[in-house]
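S.K.: kindly generate the corresponding structure for this input.
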Amino acid sequence: MKAGSVAGSRPWLLACVVSLLIVLLGGMLASLAGAESPTAQRSKVTLKIGWMESPDNMNPFLGWSNNVYEIYNNEYLGLCGRDTRTLQLDDKGLAKSWEVSADGLTWTFHLNQGITWHDGEPLTAEDVAFSYHFVMDNRLPAFIATCKGIKDVVAVDRYTVKIICTRPKPNLTRVGPWILPNHIWSRLSPQSATTEFQNPPPVIGNGPWQVVDFRKDDFLRMVAYKDFYLGPPAIDEILFVVYQNADTMVQDLKSGELDAAYGIPPAQYKPLEDTPGIAVTKYNWFNWDHLAFNCYEGESRGHPVLRDPRFRAALEYAIDRDALVSLARNGYAIPGWTFMPPDNWTDPDYSWQPPDGVRRDFDLEKASQVLDEAGYADGDGDGIREYKGRPITLRLWAETVSPEVQREAKLIAGWFREVGVNVKLAVYDDAVYYDGIWNYEGATFVPDFDMYIWEWDGYIEAGLTLDCFTSAQIEGWNEMAWSNAEFDRLDVLQNEALDVNKRAELIRQMQQVMYEDAPAIVLTHAYRLAAYRTDRWQGWERANYGRGPAFNMQINPWAYYNLRPRTAAATESGASSSWIVAVIVAALAAAGFFLVGRRRRRRVEEE
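M.R.: Here you go, the predicted structure:
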C-alpha cells in the first residue's frame, strides 16, 4: 500500500511541475507581448535632415531663401493641395472642392471642416478672406503678383469662400498668398508685418508640423501637430540641421547621425551611390543659376553701362557654359539659357530655348566686337574698356554658401577681363545680397550692386515665375529692377489665357523677350544632389513622376507625412522572443520527459 500510494502521487507531481512551467512560460510570453505591443509606450520618432543653407525668416512676407519654403509648406497648407507624384491639384489642402463660373470670373471654394490652427482655434473662411485682403489692400510686394486680377474675396459662410476676379485667372488655384490666422496677423500693421515681425516660435500654422525652435544658421525644429485634420504624423519631430561643411554633413549621413541630406558635394555623390542603405538623387527642380545685372533706370549705385542691353548681351558671348558645367559643377548640371529649364514640364512644356542664330554661344571675339560696336572701346590701350573716359570696373558677388557659384564667378571674372571689362570679385552671404539689392536711402529705393550670381528655384506654375520680373515687381521679387513694356504686356495676356496651349505660347514669348534684353544671363541648370536613408525609413516618394526630389520639394508636407520608420528593431525583438520561447518549450519538454522517465524506472524497480 505504501509503495502504491507513492507511485499514485507521481502523476499529480508531474502535473504540478508542468503547470508551474506553463504558468511561468505564460508570464514570460505576456511580458514579451507587452513589450512588443503597439499600444505600449514608444520612444520619440525623430527625422533629422541636413542642409547647407539656413532658413532666413519664419515670416512668409520676409522669408526669401529656398529652404524656408520647405518650412512654410510643412507649417501651412495651401488653399488647394498638390499631389507629390503628379504635381496635379488634389483635395488635401484647405479646400476639399471648388468650381468656377462660366465666365471664369467667380471661383467658389469649399473648405475641409475640422481644420484648426496650432493654438486650437478653428480655421474658417474668414482666415482665407483676411489673408487675401491683407495682401491686396496693402499692396504687399511679396505676394501681390499672386493676387493680380482679383477684385474681392468674400467669406460666404464658415466654410465657403468666393473669389471674384476682374478678368479670367486660370492660375488662381495654383498661386496665392499663404493663408494666415486672422486672430494673430490682424493685430499687425502692414508695415510691421512686412518689415519687423519675425513670427517667432511657436509659429501658429495649420499643417502637420509646427515650428517650435529656430536658431538661424544652426537648426530648426518642428513637432507633430497631434490634432492635424488628416491624423497625426508618424514622425514626432523633424530636425533641420544647418551645416557649414558639406563633407561633414555627408559623413554624418553615413554614420547615421542624419536621415537625409540636401546639397551633397559632387565629389561625394558617387561614393554615396555605392553605400548600402542610402539612396541618392540628382534632379533639376525648376531651378537655374544666373548672373544678374543692376538694370534700374532710376537712382542707382550700379554702374551705368549695365543699363545698356547691348553691353549686357555682349557679356553673354564671353561665358563658356560647357566649362561652367565641367569645371564649376563637376558635370552635375546642364547649360542654361532661360529661367524655364527644359524637361521639367509636360503637356504643355513651358520652356523656350534660343535657336541657332539667336543663341549667344561662347565667342570672345564676338563679345569684343559687340562691345566695340556699342561704343565701349579701350581708349588708352591699357586693356580695360572705358565709359566716358573712365575704365569700366564692375563688382561681381558670389555666395558664401556655394563653392560651385564661387568657381563660376572666378571663371566669369577671367573671361570678362579677357574682353576688356575689369571685375572686382567678392564672396558674400545672402544678407549682403539683400542689403544691396533692396537698398534704400531714406525712403528712396537705390539698388547698390553691379552684378552677382545667385541660385533660384522657380515655381511649378511657370507664369508665376515670370510674374516676378515684371515692372510692378521692382522693389519686390524683380531683383534686377528691370523694366520692359513688351514683357509686361505679354504677362497680362498669359495671366488671362484660359486655353492652356495659348498660355504656354505666351510664356515662351516672354522668355524670348527676356533673353533678347538680357537683364540676367542664365548660366546652368544645376542638378540638385540629395541622399536619404532607406534602411531606416520607408515611404520616400520622388516628385514629378520620379524625376524630382524625395524631400525638400517645397510644394506640400507629404514628403514627411508619408514616411514611416522601418521596424527592423521590432523584428529583431520578435526573433529574440521566438528564441526565448523555443528554449522554454525545450526545457518544459525535457522536464516532462525526465519526470516520466523517472516514474517508469521506479515502477520497474518496484515490480
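S.K.: surely Ala398 and Tyr452 touch.
M.R.: Yes: counting by CB atoms under 8 Å, Tyr452 is a contact partner of Ala398 at 7.4 Å. Any C-beta I mention is one placed from the backbone N, CA and C, and that applies to glycine too.
S.K.: quick one: which of these two has more around it?
M.R.: Per other CB atoms under 10 Å, whichever of Ala398 and Tyr452 has more neighbours is Tyr452, with 26 against 23.
S.K.: for that one, give me its contacts.
M.R.: 291-292, 396-398, 433, 436 (CB atoms under 8 Å, 6 or more residues apart in numbering).
S.K.: how about the residues you listed, which pair is most distant?
M.R.: Maximum pairwise distance among those (CB to CB): 14.9 Å, between Leu291 and Gly436.
S.K.: can you confirm Lys162 is in a strand?
M.R.: Yes: according to DSSP: H, G, I helix; E, B strand; the rest coil, Lys162 belongs to a strand.
S.K.: quick check: closest non-adjacent residue to it.
M.R.: Residue nearest to Lys162 in three dimensions, not counting chain neighbours: Val154, with 4.7 Å by CB to CB, 6 or more residues apart in numbering.
S.K.: now do the phi/psi pair for that neighbour.
M.R.: Note on Val154: its backbone torsions stand at phi -120, psi 130 [degrees, to the nearest 10].
S.K.: that one touches Phe130, doesn't it?
M.R.: No: using CB under 8 Å, Val154 makes no contact with Phe130, being 11.4 Å away.
S.K.: please identify which of these two sits among more neighbours.
M.R.: Using other CB under 10 Å, the more surrounded residue of Val154 and Phe130 is Phe130, with 20 against 16.
S.K.: who are the contact partners of that one?
M.R.: Per CB under 8 Å, 6+ apart, neighbours of Phe130: 180, 182, 185-186.
S.K.: 10 Å instead?
M.R.: Listed by CB atoms under 10 Å, 6 or more residues apart in numbering, the contact partners of Phe130 are 124, 153, 155, 179-183, 185-186.
S.K.: could I get those as JSON lines with pLDDT and secondary structure?
M.R.: Shown next, in JSON lines, are those (pLDDT from 0 to 100; DSSP: H, G, I helix; E, B strand; the rest coil):
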{"residue": "Thr124", "pLDDT": "98", "secondary structure": "coil"}
{"residue": "Val153", "pLDDT": "98", "secondary structure": "strand"}
{"residue": "Ala155", "pLDDT": "98", "secondary structure": "strand"}
{"residue": "Ile179", "pLDDT": "98", "secondary structure": "coil"}
{"residue": "Leu180", "pLDDT": "98", "secondary structure": "coil"}
{"residue": "Pro181", "pLDDT": "98", "secondary structure": "coil"}
{"residue": "Asn182", "pLDDT": "98", "secondary structure": "helix"}
{"residue": "His183", "pLDDT": "98", "secondary structure": "helix"}
{"residue": "Trp185", "pLDDT": "98", "secondary structure": "helix"}
{"residue": "Ser186", "pLDDT": "97", "secondary structure": "coil"}
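S.K.: for these, which one is nearest Asn544?
M.R.: Ile179 (24.6 Å).
S.K.: nearest spatial neighbour of that closest one, chain-adjacent residues omitted?
M.R.: Ser131 (4.8 Å).
S.K.: which SSE is the one you found in?
M.R.: Taking DSSP states H and E as the definition, one finds Ser131 inside helix 125-138.
S.K.: one step back: list only buried entries from the contacts of Phe130.
M.R.: Buried members of the contacts of Phe130, counted by 16 or more other CB atoms under 10 Å: 124, 153, 155, 179-182, 185.
S.K.: show me the helices in the stretch 1-150 of the chain, by range?
M.R.: For the stretch 1-150 of the chain, helices defined by DSSP state H, counting those that start in this stretch occupy the ranges 2-36, 66-75, 125-138.
S.K.: worst mean pLDDT among those?
M.R.: Of all these, the minimum mean pLDDT falls on helix 2-36 (a mean of 42).
S.K.: from the contacts of Phe130, which two are the most distant?
M.R.: Farthest pair in these, by CB to CB: Val153 and His183, 17.6 Å.
S.K.: if we can go back for a sec, intersection of neighbour lists for Ala398 and Tyr452?
M.R.: With CB under 10 Å, 6+ apart as the test, Ala398 and Tyr452 both reach 405, 409, 426, 428.
S.K.: between which two of those is the distance greatest?
M.R.: Val405 and Ala426 (12.4 Å).
S.K.: okay, those two: which has more neighbours?
M.R.: Neighbour count, other CB under 10 Å: between Val405 and Ala426, Val405 has more, with 23 against 11.
S.K.: hmm, back to that, okay, now the residue nearest to Ile179: neighbour count?
M.R.: 23.
S.K.: residues contacting it?
M.R.: Under the criterion of CB under 10 Å, 6+ apart, the neighbours of Ser131 are 60, 76, 79, 143, 153, 176-182, 185.
S.K.: same check, this time on Gln113
M.R.: So Gln113 contacts 96, 122-124, 158-159, 229 (CB under 10 Å, 6+ apart).
S.K.: most surrounded residue in these?
M.R.: Taking other CB under 10 Å as the neighbour criterion, Leu123 ranks highest of the contacts of Gln113 with 24 neighbours.
S.K.: after the one helix or strand Ile238 maps to comes which helix or strand?
M.R.: Assessed by DSSP H and E, Ile238 sits inside strand 237-242. If you walk from strand 237-242 toward the C-terminus, the next helix or strand you reach (DSSP H and E) is helix 246-255.
S.K.: what helices or strands is the next helix-or-strand element following that next one leaning on?
M.R.: For helix 246-255, the succeeding helix or strand toward the C-terminus, using DSSP H and E, is strand 260-262. Judged by 3 or more CB pairs under 10 Å, 6 or more residues apart in numbering; DSSP states H and E, strand 260-262 is in contact with strand 46-51, helix 66-75, strand 237-242, helix 246-255, strand 278-283, strand 528-533.
S.K.: if we use 6 Å, what do you get?
M.R.: strand 46-51, strand 528-533 (3 or more CB pairs under 6 Å, 6 or more residues apart in numbering; DSSP states H and E).
S.K.: hey, where'd the strands end up in the stretch 51-200 of the chain?
M.R.: With strands called from DSSP state E, counting those that start in this stretch, the stretch 51-200 of the chain shows them at 81-82, 89-90, 95-100, 106-111, 150-157, 160-165.
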